[in-house]
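**Q** need a structure here:
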Amino acid sequence: MKRMKALPSLPVRALLAAALLPLACAAQQAAPGNGAANSAPAHITSATAAPNQVVVSGTVPDEATRAQVLTRLREVYGADRVVDQISVGAVVAPPNWSNYVQKMLSPDLKQVTRGQLSIQGNSIDIKGEVANEAQRQQIASNMATHLNPTYNIRNALRVAASEQNLVDDALANRIIEFEAGSSVIKPEGQRILDEMVPALKKVAARKIEIIGHTDALGARDANIALSLARADSVREYLRGKGIDSARIGISGAGPDRPVASNQSADGRARNRRIEFRVSQ
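**A** Model prediction:
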C-alpha cells in the first residue's frame with residue numbers, strides 16, 4: 001500500500017495560514033502483503049511559498065506511481081501549483097491502486113475547502129467544507145462511481161457556515177504568534193485578536209471552534225498538548241474582550257495538519273497557527 005498525501009488547492013480561505021489552504025489528500029502506507037492501512041496518515045503540507053499551492057508528500061512503491069500521481073495533480077490544478085514531496089520506498093499497494101487514486105483526484109475536489117482526502121488502502125475519508133448539501137453528496141457520489149465495491153468512502157464533508165467569511169476576512173490570513181514553546185500570545189497576536197473581536201461578536205449566534213496547530217519539531221504528544229494550550233489561551237484572551245467563552249470550543253491538532261513544509265523556517269512559522277471554525 002502506498003502512502004501519499006496531497007493538498008490540492010481550492011477556492012478557500014486558509015484560516016490562520018498565510019496562504020489559502022487547499023484540500024488535503026492523503027494516501028496511507030500499508031503493511032506489506034495486505035490491503036490494510038498503517039497507523040497514521042502521511043502528513044501533508046501546503047507548500048512553502050505562494051498561496052494556492054498543492055503539496056504532495058508520502059511514500060509510493062515506484063517511480064511510475066509517483067509520476068502518475070504528479071501528472072494527474074498537475075492536470076487538475078496546474079503544474080505551477082503542485083509541489084512534489086513524494087518519495088519512493090518499500091511499500092505495497094492494493095491492485096490498480098494508482099489508477100483509482102488518479103480517478104479520485106478529480107476537479108470535484110476543487111469545490112472543497114479546508115479539506116482532507118485520506119486514502120488508506122481501500123478506505124477513503126473526505127473532510128472539508130462545501131457550499132451546499134447537494135454538493136456535499138454529489139462529490140462523494142461521483143468519487144464512488146470511479147471505484148470498485150472494495151473501496152469504502154466516509155463522507156465527512158460539511159456545509160460551510162456563511163458567517164465563516166466574516167471571521168476569515170478579519171483574520172486576513174495572518175498568523176497569531178506565541179512565545180517560543182509556550183502558550184503566551186505575542187503582542188502582535190493580541191493586536192490581531194483585538195481586530196477580530198467585532199467580527200466574532202457579529203457571529204454571536206454561532207458556536208466557534210478554536211483549533212491550535214504546531215510545527216513538526218519535537219515530540220508529537222508535546223505538540224498536541226501545546227496546541228491545545230494555545231487554543232485555550234486564545235479563548236481566554238477573547239473572553240477578556242467580551243466574547244462569551246461558553247460558545248467557544250477548543251482543540252489541538254499539534255503537527256498533524258500542516259499548511260506549509262516543515263523543512264523551512266518560514267514553513268514551520270506558517271504551521272504554528274490558530275484556526276477559527278464557525279459552526280453551521
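**Q** all contacts plus neighbour counts: C-alpha atoms, from now on.
**A** Noted.
**Q** Now for residue 104, how many residues are close by?
**A** Using other C-alpha atoms under 10 Å, residue 104 is surrounded by 23 other residues.
**Q** Skipping its backbone neighbours, what lies nearest it in space?
**A** The spatially closest residue to residue 104, leaving aside those adjacent along the chain, is residue 143, at 5.9 Å (C-alpha to C-alpha, 6 or more residues apart in numbering).
**Q** Which strand or helix spans the one you found?
**A** If you go by DSSP states H and E, residue 143 is part of helix 133-145.
**Q** Residue 153 now?
**A** Assigned by DSSP H and E, residue 153 belongs to strand 152-159.
**Q** packing partners for that strand?
**A** strand 123-130, helix 133-145 (3 or more C-alpha pairs under 8 Å, 6 or more residues apart in numbering; DSSP states H and E).
**Q** Give the next helix or strand downstream of the helix or strand harbouring residue 74.
**A** Using DSSP H and E, residue 74 maps to helix 63-77. Sequence-wise, the next helix or strand downstream of helix 63-77 (DSSP H and E) is strand 82-88.
**Q** What segments of this protein are strands?
**A** 3-6, 24-27, 54-60, 82-88, 113-120, 123-130, 152-159, 208-213, 248-254, 274-278 (DSSP state E).
**Q** With mean pLDDT and distance to residue 175 added, can I get these in TSV?
**A** Shown next, in TSV, are these (pLDDT from 0 to 100; distance: least, C-alpha to C-alpha, whole Å):
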stretch	mean pLDDT	distance to residue 175
strand 3-6	41	23
strand 24-27	40	20
strand 54-60	74	20
strand 82-88	80	22
strand 113-120	75	16
strand 123-130	83	21
strand 152-159	87	25
strand 208-213	94	11
strand 248-254	94	15
strand 274-278	91	7
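**Q** Just tell me which of those ends up closest to residue 166.
**A** Nearest of those to residue 166, taken as C-alpha to C-alpha: strand 274-278 at 9.7 Å.
**Q** The helices and strands packed on strand 152-159: which one's closest to residue 274?
**A** Among the helices and strands packed on strand 152-159, the nearest to residue 274 by C-alpha to C-alpha is strand 123-130 (17.1 Å).
**Q** List the contacts of the closest one.
**A** Here strand 123-130 makes contact (C-alpha atoms under 8 Å, 6 or more residues apart in numbering) with 23, 111-119, 136, 140, 151-160.
**Q** what comes up buried for that strand?
**A** Burial within strand 123-130, assessed by neighbour count using 16 or more other C-alpha atoms under 10 Å, is assigned to 123-130.
**Q** Next, the angle strand 113-120 makes with that strand.
**A** Here the directions of strand 123-130 and strand 113-120 differ by 180 degrees (axes from the mean of the first three to the mean of the last three C-alpha atoms, to 10 degrees).
**Q** pull the longest helix from this protein.
**A** In the chain, with assignment by DSSP state H, the single longest helix is helix 220-239.
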